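> Here is my input, please return the structure:
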Amino acid sequence: MLENPRSPRVRAVAKLTKRSARTETGLFLLEGPQSVREALTYRPDAIVELFATPHGWEKHADIRAKAADADVEVEYVSEDVLNAMADTVTPQGLVAVVRQTPTSVREIFDGTPRLIAICEEVRDPGNLGTIIRAADAAGADAVVLTGRTVDPYNPKVVRATTGSLFHLPVSVGGELDEVVRRAHDAGMQILAADVKGDDLLAARADGVLGEPTAWLFGNEARGLEDEALTRADRVLRLPIFGRAESLNLATAASVCLYESAFAQRAAPAG
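Below you'll find the predicted structure:
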């Protein structure tokens, strides 16, 4: 059992809370049973190390079974060690070190995607994690990160995805122009979500939302720059029926993705 929270090995794991260490090693940190469970289910090959307190390991029979099936060994650690490794105050007895597995932009658009989320300059980790989770729930084919969007392997992003990071491809570091070009080449339209756009209800009425779509979402504070908006085939805004000044980015993105998901599933086959 690892019991020294100041040991070099523990410090190496703890450094993964920093982007520089994640970039250097190609690894990232998973915390808590839900994230570990999803990794064991969908990407057990990416798990490099799995740590647990004896109590945390005993508590989750399903995780023990998945680890055994995937031939992933667990290393016991003390509570102090786990707390030193983790970014959260309460890691709930489980931490894993996992290889980053980003997908290239080319791979994403080589197939026949019907729904994709493009995040341009999204800076808040909670928003990005929630958008990835919403894209997963809406049945999107991928999430593509462009510009200076926050690192998807940031611990706060990973927690906000609640495991969806392992369910669909995520592309990192793309340039918006290239992503838009590849989307168009794949037969997709680009719909930008922005307060300066047309009412989304009009797009719903004319059937635009049922087409293969890459939704473009911008920065929380500034929205999309004018230059980015010119890359879109159409700019749409969500109507505000109550007194709210605006919608949170992740909430708006979730609505847009689901609008497309509903319309695409209602469209005649073929």
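
> Just give the number of residues close to the closest residue to Arg123 other than its chain neighbours.
Leaving aside its chain neighbours, Arg123 sits nearest to Val150 (5.5 Å; criterion: Cβ to Cβ, 6 or more residues apart in numbering). From N, CA and C alone the C-beta is placed, and that goes for glycine too. The local packing of Val150 (other Cβ atoms under 10 Å) involves 20 other residues.

> and Val150, which of the three is it?
Secondary structure for Val150, judged by DSSP: H, G, I helix; E, B strand; the rest coil, is coil.

> Kindly report the same for Ile116.
strand.

> cool, Val143 as well?
Applying three-state DSSP: Val143 is strand.

> what pLDDT does it get?
On the pLDDT scale, Val143 is placed at 98.

> now Pro268
pLDDT for Pro268: 63.

> by contact count, what packs against the longest helix seen in the chain?
When the chain is parsed with DSSP state H, its longest helix is helix 249-266. Identification of packing neighbours for helix 249-266 by 3 or more Cβ pairs under 8 Å, 6 or more residues apart in numbering; DSSP states H and E yields strand 115-120, helix 125-137, strand 189-199, helix 200-205, strand 213-217.

> in the longest one, what counts as buried?
When neighbours are counted by 16 or more other Cβ atoms under 10 Å, the buried residues of helix 125-137 are found to be 125-136.

> and the gap between Thr112 and Ala186?
Using Cβ to Cβ, to the nearest Å, we find Thr112 at a distance of 7 Å from Ala186.

> again, but for Ser260
15 Å.

> Ok, Thr25 next?
Thr25 is 33 Å from Ala186, by Cβ to Cβ.

> Repeat that for Leu40.
With distances taken as Cβ to Cβ, Leu40 is found 32 Å from Ala186.

> What of Leu16?
Taken as Cβ to Cβ, the span from Leu16 to Ala186 is 34 Å.

> More neighbours: the two, which one.
Neighbours per residue, other Cβ under 10 Å: of Leu16 and Ala186, the larger number sits with Leu16, 22 against 17.

> My read is that that one contacts Thr23, right?
No: Leu16 lies out of contact with Thr23 (Cβ atoms under 8 Å); the separation is 10.5 Å.

> buried set for the helix or strand bottoming out on mean pLDDT in the chain?
The least trusted helix or strand in the chain, going by mean pLDDT, DSSP states H and E, turns out to be helix 200-205, with a mean of 91. Using 16+ other Cβ under 10 Å as the test for burial, helix 200-205 gives 200, 203-204.
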